[in-house]
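J.: just the structure for this:
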Amino acid sequence: MPEGDVLRRTAARLDQALAGRVLIRSELRWPTVAAVDLVGRTVLRTAPYGKHLLTRFDDGRTLHTHLRMEGSWRIERTGAPGARAGGQHVRAVLGAQTWTAIGDGLGMVDVVATRDEHTLIGHLGPDLLADDFPGPGLTEALRRWGAGGAEPVCDVLLDQEVVAGIGTIWMAESLFAQRLWPWTPADRVDASAVLMTARTLMGRSAAAFATAGAHRGVADLSRQVHGRHRQHCRRCGTPIAVGTARRPPQERPVFYCPTCQHV
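T.: Below is the predicted model:
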């Protein structure tokens, strides 16, 4: 599932294409919002929050989308063949005079009053990449972290109600950077250090997206453990192992180095 760094870049690309532009095409191919018409509305901006996108319009409405596992937003020049958006997996089309944004395979599509965005994301923890993190965001995240008690640190990092935006990639990479065994009880680690490490790594990735393209991101060589099962640790040479975070049916893989991150 795309994580907060990818969502930042996606929001920036949507803004480049649509912010300040009037929509001349609007198609929401989602049962609960299929009748919503956004033609004639001006896009104000798309704000990322964790793994969510909030596209706001000048009439006080917000289009909320979530990529889930397979979703993406792509930009095509209006009138070009790719902008026809005829695929069976297309869930949203927002077209302006020059550019058209196409949401493929989206996992959530909602339209709410902008003032009611909290009904969709209010349960989430602070956005790890928001401007107020560190600051009030970190303070709130630490409060929520404390409620996890002795839960494994890998589980707490994946809990979007503690902090929004981290997934399996940056959970694993942050714990490796801190040399923490992923199943260490969360109340026995320096939560602030772990969260700020995750923010730093994700911030670097978001910056790399800005220069390398949304689909390239950070080169695989920058990943120390995630997706490198049985490959040698770049730090000590031990084969990378994989375990499991969370409980069924929400289990997720955890890549780690048994030597660098020993119990």
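J.: quick one, helices of the stretch 101-250 of the chain?
T.: 118-121, 136-146, 153-158, 168-177, 191-212 (DSSP state H, counting those that start in this stretch).
J.: and the contacts of the longest one?
T.: Looking back up the chat, that one is helix 191-212. 3-6, 8-9, 12, 128-129, 133-134, 138, 141-142, 145-146, 153, 157, 163, 165-166, 170-171, 173-175, 177-178, 180, 216-219, 222 (C-beta atoms under 8 Å, 6 or more residues apart in numbering). Just so you know, the C-beta spots here come from the backbone N, C-alpha and C atoms, and that holds for glycine as well.
J.: likewise the third one?
T.: Applying C-beta under 8 Å, 6+ apart, the contact partners of helix 153-158 are 145, 148, 162-163, 166-168, 171-172, 174-175, 180, 182-186, 189, 194, 198, 245-246, 252, 254.
J.: make it 7 Å
T.: 145, 148, 162, 166, 171, 174-175, 180, 182-184, 186, 189, 194, 245-246, 252, 254 (C-beta atoms under 7 Å, 6 or more residues apart in numbering).
J.: confidence score at Ser222?
T.: According to the prediction, Ser222 has pLDDT 74.
J.: what's the separation between the residue nearest to Arg228 when sequence neighbours are not counted and Cys257?
T.: Sequence neighbours aside, Ile240 is the residue nearest to Arg228 in space, at 4.5 Å (criterion: C-beta to C-beta, 6 or more residues apart in numbering). Going from Ile240 to Cys257 by C-beta to C-beta, to the nearest Å gives 6 Å.
J.: ok, His89 next?
T.: 37 Å.
J.: between those two, which is the more surrounded one?
T.: Cys257 (25 against 13; other C-beta atoms under 10 Å).
J.: hang on, the earlier thing: can you list the helices of the stretch 101-250 of the chain in a markdown table and add mean neighbour count and mean pLDDT?
T.: As requested, the helices of the stretch 101-250 of the chain are arranged in a markdown table below (neighbours: other C-beta atoms under 10 Å; pLDDT from 0 to 100):
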| stretch | mean neighbour count | mean pLDDT |
| --- | --- | --- |
| helix 118-121 | 14 | 97 |
| helix 136-146 | 17 | 97 |
| helix 153-158 | 24 | 97 |
| helix 168-177 | 24 | 97 |
| helix 191-212 | 18 | 87 |
